[in-house]
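[1] okay, predicted coordinates and the sequence, questions at the end:
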Amino acid sequence: MRMDRKGEIDMHRHRNTRRATTALRTFACTALIVLLSGCGISQIREAIPPFRTGVASANQQVDTAFAEINTFLRQQQIERAINQPNINAAMFSNGLQASDIAKWDRAFGVIDTYAASLEKLLDPQRRSGVETELTALGDAIVKLDDKQLPDGLTAAFGQLGGLLLQMKSGRDAKAAIRAADPGIQAVFSQMMTAIGSSPDDAIRGTVRAAWGDVLGQIQVDFLVATPQGNDAKRAVVERYVTALDQRDAQDMMLSSLRQSLGLLASAHRELAAGRESSARELIGLIHDEYRRSTSKNAAPVGDANADNATGAAR
């Protein structure tokens, strides 16, 4: 009987030990999951502010590029007016109206507002009511029309607004980003289309056509200079080459802007997939594009690179 009693005690001890071990393992696994979840939230919280600065850099690229293009177009209007018998206000309209630039600023403002809401969603002290804010933003976006947005972007913003209206993410920022991503991709894709995929397309094509007038006049000047000898012809050739360089520099600036838009789309896609480090790297490239585009010694930016960066964004 004494041995049976001892065996029973040992059996209970073994059973309790197994229960304690199982409980400890469960606690450890739960703690690890919480830790990893916290790390994920921390990483995405750190990635949203850089995304907003990337949006701001691209917006600044738009303003800089459009202002320079308008200055160039105005100069060409002056040159044409010199050869006219009289002048009138219609000769001096801006190629890109102030209202057009305001539409682009409004479009970027919408995206920044969306990103600002994500920042709040990631902050426990500010996240209350953010889902309502995103829904209200979606309602405001779907009401925007062609008079308020750049040409060709209304449908894409309508898609984004519809997704925000349907959003049921609660306080999950990652879920919100995943839900909004198709709309964000559509917006940036249409922005890229509006800028132009080649020098002869969309806004880039408009600028290229204006440069065609400039080069055409220099070609006429070359014919006039031909009877005057090589020195006169050389001076005209130098003007022609300088004009070609200036034309290409303006197109590079627009191409760089298109590149930045594609990088923004890719960065948001990476955030939606939970790859925050990759998103931050892409945002860094946007800042590089901005610095390159505003440099007087800007290096060429190939459109193939833009296409590779955007992938499915197009």
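    Nice, I can see it.
[2] number of residues surrounding residue 233?
    17 (other CB atoms under 10 Å). Heads up, the C-betas are built off the backbone N, CA and C, glycines and all.
[3] before we move on, what about residue 291?
    Other residues near residue 291 come to 12 when the count uses other CB under 10 Å.
[4] which element is it on?
    For residue 291, the enclosing helix or strand under DSSP states H and E is helix 276-293.
[5] also residue 48?
    Counting by DSSP H and E, the secondary-structure element that holds residue 48 is helix 2-82.
[6] as a whole number, average confidence for the helix or strand following that helix?
    Scanning forward in sequence from helix 2-82 by DSSP H and E, the next helix or strand is helix 98-121. If you average the pLDDT over helix 98-121, you get 92.
[7] can you name the next helix or strand after helix 98-121?
    In the C-terminal direction, the helix or strand that comes right after helix 98-121 (DSSP H and E) is helix 130-142.
[8] need the CA coordinates for that following helix. CSV is fine.
    C-alpha atoms of helix 130-142 as CSV (Å, rounded to 0.1, in the frame of the first residue of the first chain):
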residue,chain,number,x,y,z
VAL,A,130,-9.8,58.1,-37.1
GLU,A,131,-12.0,55.5,-38.9
THR,A,132,-14.7,58.1,-39.1
GLU,A,133,-12.2,60.6,-40.4
LEU,A,134,-11.2,58.2,-43.2
THR,A,135,-14.8,57.6,-44.1
ALA,A,136,-15.5,61.4,-44.2
LEU,A,137,-12.4,61.8,-46.4
GLY,A,138,-13.7,59.1,-48.8
ASP,A,139,-17.0,61.0,-48.9
ALA,A,140,-15.3,64.2,-49.8
ILE,A,141,-13.1,62.6,-52.4
VAL,A,142,-15.9,61.0,-54.4
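[9] so which residues make contact with it?
    Surrounding helix 130-142, the residues in contact under the criterion CB atoms under 8 Å, 6 or more residues apart in numbering are 110, 113-114, 117, 120-121, 157-158, 160-171, 176.
[10] in helices, which of those fall?
    110, 113-114, 117, 120-121, 157-158, 160-165, 176 (DSSP state H).
[11] now list the buried members of those residues.
    A residue is treated as buried here by neighbour count (16 or more other CB atoms under 10 Å); on that basis the buried members of the ones in helices among the contacts of helix 130-142 are 110, 114, 117, 120-121, 157-158, 160-164, 176.
[12] using TSV, lay out the residues you listed together with distance to residue 286.
    Written out in TSV, the entries for those read as follows (distance: CB to CB, whole Å):
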residue	distance to residue 286
110	18
114	17
117	21
120	23
121	23
157	21
158	25
160	20
161	24
162	27
163	23
164	23
176	22
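[13] buried residues, stretch 50-70. List them.
    For stretch 50-70, burial by neighbour count (16+ other CB under 10 Å) applies to 50-52, 54-62, 65-66, 68-70.
[14] could you give the mean pLDDT of that stretch?
    Average pLDDT, stretch 50-70: 92.
[15] what's the spacing between that stretch and its chain's center?
    Averaging C-alpha coordinates over stretch 50-70 and over its chain gives two centres that are 10 Å apart (CA atoms, centre = their mean, to the nearest Å).
[16] using CSV, write out every CA atom in that stretch.
    Extracted as CSV, the C-alpha positions of stretch 50-70 are listed here (Å, rounded to 0.1, in the frame of the first residue of the first chain):
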residue,chain,number,x,y,z
PRO,A,50,8.6,59.3,-44.6
PHE,A,51,5.8,58.5,-47.0
ARG,A,52,4.2,61.9,-46.2
THR,A,53,7.6,63.6,-46.9
GLY,A,54,7.8,61.7,-50.2
VAL,A,55,4.4,63.0,-51.1
ALA,A,56,5.5,66.5,-50.3
SER,A,57,8.7,66.2,-52.4
ALA,A,58,6.7,65.0,-55.4
ASN,A,59,4.3,67.9,-54.9
GLN,A,60,7.2,70.3,-54.9
GLN,A,61,8.6,68.7,-58.1
VAL,A,62,5.2,69.4,-59.7
ASP,A,63,5.3,73.1,-58.7
THR,A,64,8.9,73.6,-59.7
ALA,A,65,8.5,71.8,-63.1
PHE,A,66,5.3,73.6,-64.0
ALA,A,67,6.6,77.0,-63.0
GLU,A,68,9.7,76.5,-65.1
ILE,A,69,7.7,75.3,-68.1
ASN,A,70,5.4,78.4,-67.8
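[17] quick one: residues in contact with that stretch.
    94-96, 100-101, 104-105, 108, 111-112, 115-116, 119, 207, 250, 253-254, 256-257, 260-261, 263-264, 267-268, 271, 279-280, 282-284, 286-287, 289-290, 293-294.
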